[in-house]
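# sequence unknown, structure follows:
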Ligand SMILES: [Zn+2]
C-alpha cells in the first residue's frame with residue numbers, strides 16, 4: 001500500500017513525520033521506515049481521530065518500527081524491555097532504555113540490546129522531538145544495554161560511561177558479539193557493533209542539555225565494576241541501570257557485598273522516582289529496592305552459612321536462596337550463577 005499523506009485528516013501529524021524526514025540519514029532512520037510509520041499512522045488515525053498522544057502510542061503498536069515509551073516525568077521517557085533472554089523474537093529488546101529532552105539537546109540512557117533496538121529508540125525520540133542527541137550514556141557494559149549504541153553514532157554525539165566501562169567491555173567484546181550473533185540470529189543482529197564511551201566518568205560528571213543538567217555518578221563495584229547512575233536534576237528522576245532490578249531476577253557480575261553497600265548508601269538519598277534496568281519504567285524510591293535487597297541479603301547470608309558449614313559450591317547451589325524462586329522471572333536461568341559468584345567472593349572473607 002502506498003502511504004498517502006494528503007487529504008486524510010493527517011495534517012496534525014505531518015510536522016512530526018516531516019521532522020523525522022529532514023535528516024534521516026544522520027539519525028539512522030531510513031526513509032522506508034519513516035514512510036512505514038506514516039502508513040501505520042493512517043490506519044490508526046481512522047480509528048482514533050485526533051489525540052496526538054494516542055496516535056503516537058497506537059502507531060508504535062501497529063508498526064513495531066518505534067519503541068513504545070512512557071513519559072514518566074516531564075521530558076523523561078522510558079521504554080520497558082521484556083524479561084527474557086536474547087532471542088530472534090525479541091530482537092534484543094530485553095532491558096530498559098530511555099531519554100531526557102533538554103532545551104537544546106537530548107541525552108539517551110542505554111540503547112537496548114541490538115542495533116535494531118537502538119534505531120527504534122531513535123525513532124521514538126524523533127516522534128517526540130527534533131533536538132539533536134548530544135549524549136549517549138551507558139549505565140554499564142552489558143550487551144542488553146549497549147548494543148544499540150551504533151544507531152546513535154554521529155559526529156555530534158558523545159558516548160559516556162563509567163571510567164572502567166571501556167576496559168571491561170573491550171575485554172569481553174569478542175565473546176559478547178559472538179554470543180549475541182548466535183542468540184539473536186543474523187537478521188536481528190545485523191548492524192550491531194560495539195561503540196565504547198569516550199567521556200569517562202571518574203566520580204561525577206555533570207552534563208547540560210540546555211537548562212537541564214544530568215548528574216552522572218560512577219559507583220564502586222556492585223552489579224558490575226562499571227555501574228553508573230544518571231540523575232535528572234529537573235525532575236529528581238534517577239536512572240539506576242542494573243543497580244536496580246524489579247521482577248527480573250538480579251544478576252551478579254561484580255560484588256554482592258559491594259552491591260548491597262551501594263544500594264544502602266543510595267537509599268539514604270532522595271529521588272522523586274527511579275528507573276530500574278529491568279522492571280517497570282518508573283518506581284518509587286527507596287521502596288523500589290526492597291525486593292532486590294531482600295534477594296541479595298538472602299543469597300549472601302545463605303552462602304556465608306554454607307561456607308561456614310564446610311559445604312561445597314555445588315551443595316550451596318542446591319539450597320541457597322531457593323525461597324526466592326517464585327518472586328522473580330528468569331530465576332532458573334540466573335540464580336545458580338549468582339550463588340556461584342557470591343560463593344567465589346565470600347569464601348575468602
Ligand atoms: Zn546488567
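In hand now; what should we look at? Model, not experiment: these values are computed from the prediction.
# where does the stretch 151-300 of the chain get nearest to the ion, which residue?
Nearest residue of the stretch 151-300 of the chain to the ion, counting by C-beta to the ion: residue 242, 3.5 Å away. (Glycine included, C-beta is placed from N, CA and C.)
# thought that residue was touching residue 227?
Yes: the pair residue 242 and residue 227 qualifies as a contact (C-beta atoms under 8 Å) at a distance of 7.0 Å.
# common neighbours of those two, please.
Residues touching both residue 242 and residue 227 (C-beta atoms under 8 Å, 6 or more residues apart in numbering) are 139-140.
# still on that earlier bit, helix, strand, or coil at the residue of the stretch 151-300 of the chain closest to the ion?
Here residue 242 is recorded as strand under DSSP: H, G, I helix; E, B strand; the rest coil.
# for residue 258, same thing?
Applying three-state DSSP: residue 258 is helix.
# hang on, it packs against residue 222?
Yes: the criterion here is C-beta under 8 Å, and residue 258 meets it with residue 222 at 4.6 Å.
# give me the number of residues near the residue of the stretch 151-300 of the chain closest to the ion?
26 (other C-beta atoms under 10 Å).
# ok, now the one 3 residues further on?
The local packing of residue 245 (other C-beta under 10 Å) involves 25 other residues.
# residue boundaries of the strands in the chain?
70-73, 76-79, 97-101, 106-109, 133-137, 158-162, 199-201, 204-208, 213-218, 228-232, 237-245, 273-278 (DSSP state E).
# just to revisit the earlier point, who's more crowded, residue 258 and residue 222?
Taking other C-beta under 10 Å, residue 258 and residue 222 do not tie; residue 222 has more neighbours (26 against 19).
# correct me, but the more buried one touches residue 251?
No: counting by C-beta under 8 Å, residue 222 sits too far from residue 251 to count as a contact (11.6 Å).
# tell me the residues of the stretch 201-349 of the chain that contact the ion?
residue 242 (C-beta under 5 Å from the ion).
# around the ion, pick out the residues from the stretch 1-150 of the chain.
Counting by C-beta under 5 Å from the ion, the residues of the stretch 1-150 of the chain that sit close to the ion are residue 142.
# okay, the residue of the stretch 1-150 of the chain found nearest the ion and residue 269: tell me how far apart.
With C-beta to the ion, the shortest gap between the stretch 1-150 of the chain and the ion falls at residue 142, namely 3.5 Å. Using C-beta to C-beta, to the nearest Å, we find residue 142 at a distance of 24 Å from residue 269.
# same question, residue 212
Distance from residue 212 to residue 269, by C-beta to C-beta: 20 Å.
# between the two, which is the more surrounded one?
The residue with more neighbours, out of residue 212 and residue 269, is residue 212; 20 against 11, by other C-beta under 10 Å.
# find the nearest non-adjacent residue to that one, please.
residue 102 (3.8 Å; C-beta to C-beta, 6 or more residues apart in numbering).
# run a quick neighbour tally on the one you found.
For residue 102, using other C-beta under 10 Å, the count is 22.
# identify the residues contacting it.
75, 131, 208-212 are the contacts of residue 102 under C-beta under 8 Å, 6+ apart.
# let me see the confidence value for it.
pLDDT, residue 102: 98.
# distance check, it against residue 207.
Taking C-beta to C-beta, one finds residue 102 at 9 Å from residue 207.
# what of residue 181?
33 Å.
# who has more neighbours, these two?
Using other C-beta under 10 Å as the criterion, residue 181 and residue 207 rank with residue 207 on top: 21 against 15.
# give me the nearest residue to residue 138, chain neighbours excluded.
Residue 138's closest residue in space is residue 161 (C-beta to C-beta, 6+ apart), at 4.4 Å.
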